[in-house]
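Novice: Next comes the sequence, and after it the predicted model I'd like to discuss.
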Amino acid sequence: MAPQLDSYFQQVDALSDAFIERLRQAVAIPSVSSEAARRPDVVRMGQFLADELTKLGAHVELRPLGKQPGTDLDLPPVVLARYGNDKNKRTILVYGHYDVQPAQKTDGWDTEPFELTIMPDGRMCGRGSTDDKGPVLGWLNAIEAHKSAGIEFPVNLLMCFEGMEEYGSEGLDDLINAEAKKFFADADAVCISDNYWLGTERPCLTYGLRGCNYYSVEVWGPGADLHSGVFGGTAQEPMTDLVRIMSSLVDTNGNILIPGIAEQVAPVTAEEEGLYDDISFTMETLHESLGSKTTIFDDKKRTLMARWRQPSLSLHGIEGAFSAPGAKTVIPAKVIGKFSIRTVPNMDIDKTNEAVYRYVEDVFKKLGSKNSMKVYAQHTGKWWVASPKHWNFSAAAKATERVWGVKPDFTREGGSIPVTLTFEQATGKNVLLLPMGSSTDGAHSINEKLDKRNYIEGIKLLGAYLHYVAEEPMN
């Protein structure tokens, strides 16, 4: 029997201004985890969440994670919380993060990034609005709406909110593994809201993610930076070698040129290919997200496959090179190129690393350069695929149809959320990705936003999901 949710939905609508104000307060805290000067703000954001949860009646613990490796900086605490402890109810573990990417008005923002600005069309602009403060606060708002409406909360809710996701989630895996049989011991399933709809019209449930291996290539030679007028043409230049190496990794159409990568990828079956036909996605939506029509493919199916189930290699930057405006005639003594490979089933981390190292070393050797080079992985993360036929997904699908009036798309995603696999392996439970925001939200970009409609209806969705979870047969 479908749960009675009308009074809950009405309460969410009635409290919408208060929920937006809560998001405004959160966005105002510049919790940028990658900047040492902002670390106190990250800690302040964790304390804000802990205080809000305590007011709602949750049991809250701020778990310290020690020092950030190689620094004297304290890692921000993980916020662990429990709401409800009824042995007769199912227990759902939810994860989110309260840190954000860097942002400055001078980056090209139309508004102040750490002030939530609501546009006439309902866009709520601000750093962290969609990634991931809006979704995190969605769980708190769901608790408050239930309390205000006098409705019994349908499950026990475990919460794990971290403050280092945008900078590698240092220390989180160890905590999850340590708490799998302790704080998280009674979890029946896991839900993460840290991804996005495929488009802007139809919600989705996500059951797969690509992994991410991130590499550095260092090339060095001279003992110090050189003047190109004095030394140009007399010294072999590290930048020249590096650019030639990086240009050999991938072609204009995204084909990875490293032997041993494509050979690992699971072949496409006819059944899998058929899954792409009915997914709500248009190239026009992709063009809007890109801000251009510079797509590799012109059709939906090949584009989605390239994003979800094929590996990709992206060049990210060069450390040590001159990148400021103007002209500077310097020859860098040492440069570090950075690139990543998004991995998919059935790619193996070690095999992929070995293929990369072997290829880069071979390319450098063929240059015949007197400079020195080394290549290494900064970090790696495995791909993840769950069963979308699990009761966790069927409950979320029913909740989506109840709130949005449409059946959700079942999707995979091109990005990586390494903690997804950690939770699955540590707890042995099904993990669901239940997004709140849409594809045009611009997470990590300028003018990041969360649509007011997605925020308020998303709060309804999170609460409805918990009600359907409480009723869904486990088999």
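Specialist: Here it is on my side, so go on. Small disclaimer: the values here were computed from a predicted structure and weren't measured. Numbers count the residues shown, from 1 in each chain.

Novice: rest of the way, CA atoms for contacts and neighbours
Specialist: OK.

Novice: Quick check: chain neighbours aside, which residue is closest to Ile151?
Specialist: In space, and not counting its chain neighbours, Ile151 is closest to Tyr8: 7.4 Å by C-alpha to C-alpha, 6 or more residues apart in numbering.

Novice: what's the helix or strand for the one you found?
Specialist: Assigned by DSSP states H and E, Tyr8 falls within helix 6-14.

Novice: Count the neighbours of the residue nearest to Ile151 for me.
Specialist: For Tyr8, the neighbour count with other C-alpha atoms under 10 Å is 21.

Novice: And for Val385?
Specialist: When counting by other C-alpha under 10 Å, one arrives at 16 neighbours for Val385.

Novice: pretty sure it contacts Thr206?
Specialist: No - the pair Val385 / Thr206 is not scored as a contact, 9.2 Å apart, by C-alpha atoms under 8 Å.

Novice: Could you measure from the nearest residue to Phe153 once chain neighbours are set aside over to Val419?
Specialist: Nearest non-adjacent residue to Phe153, counting by C-alpha to C-alpha, 6+ apart: His146, 6.4 Å away. According to C-alpha to C-alpha, to the nearest Å, His146 and Val419 sit 29 Å apart.

Novice: what's the answer for Phe183, then?
Specialist: Phe183 is 17 Å from Val419, by C-alpha to C-alpha.

Novice: For the stretch 51-200 of the chain, which segments count as helices?
Specialist: Using DSSP state H, counting those that start in this stretch, the helices of the stretch 51-200 of the chain run over 134-149, 172-179.

Novice: what's the shortest one packed up against?
Specialist: Which is helix 172-179. helix 418-427 (3 or more C-alpha pairs under 8 Å, 6 or more residues apart in numbering; DSSP states H and E).

Novice: rewinding a little: for Phe183 and Val419, indicate the residue with more neighbours.
Specialist: Taking other C-alpha under 10 Å, Phe183 and Val419 do not tie; Val419 has more neighbours (20 against 16).

Novice: distance of that one from Leu73?
Specialist: 22 Å.

Novice: same deal with Asn213?
Specialist: If you go by C-alpha to C-alpha, the gap between Asn213 and Leu73 works out to 26 Å.

Novice: likewise Arg63?
Specialist: Taking C-alpha to C-alpha, one finds Arg63 at 16 Å from Leu73.

Novice: swap in Thr111?
Specialist: From Thr111 to Leu73 the distance is 31 Å (C-alpha to C-alpha).

Novice: same check, this time on Phe322
Specialist: Going from Phe322 to Leu73 by C-alpha to C-alpha gives 29 Å.

Novice: Quick check, central residue of this protein?
Specialist: Centroid-nearest residue in the chain, with C-alpha atoms, centre = their mean: Ile417, separated by 5.0 Å.

Novice: That one contacts Leu209, doesn't it?
Specialist: Yes - the pair Ile417 / Leu209 is scored as a contact, 7.2 Å apart, by C-alpha under 8 Å.

Novice: To Leu466, which of the helices of the stretch 51-200 of the chain lies closest?
Specialist: Leu466 sits nearest to helix 134-149 of all those, at 9.7 Å, using C-alpha to C-alpha.

Novice: List the contacts of the closest residue to Leu434 other than its chain neighbours.
Specialist: Leaving aside its sequence neighbours, Leu434 sits nearest to Ser193 (C-alpha to C-alpha, 6+ apart; 4.9 Å). Going by C-alpha atoms under 8 Å, 6 or more residues apart in numbering, Ser193 touches Val94, Tyr95, Gly96, Asp132, Pro135, Val136, Leu433, Leu434, Pro435, Met436.
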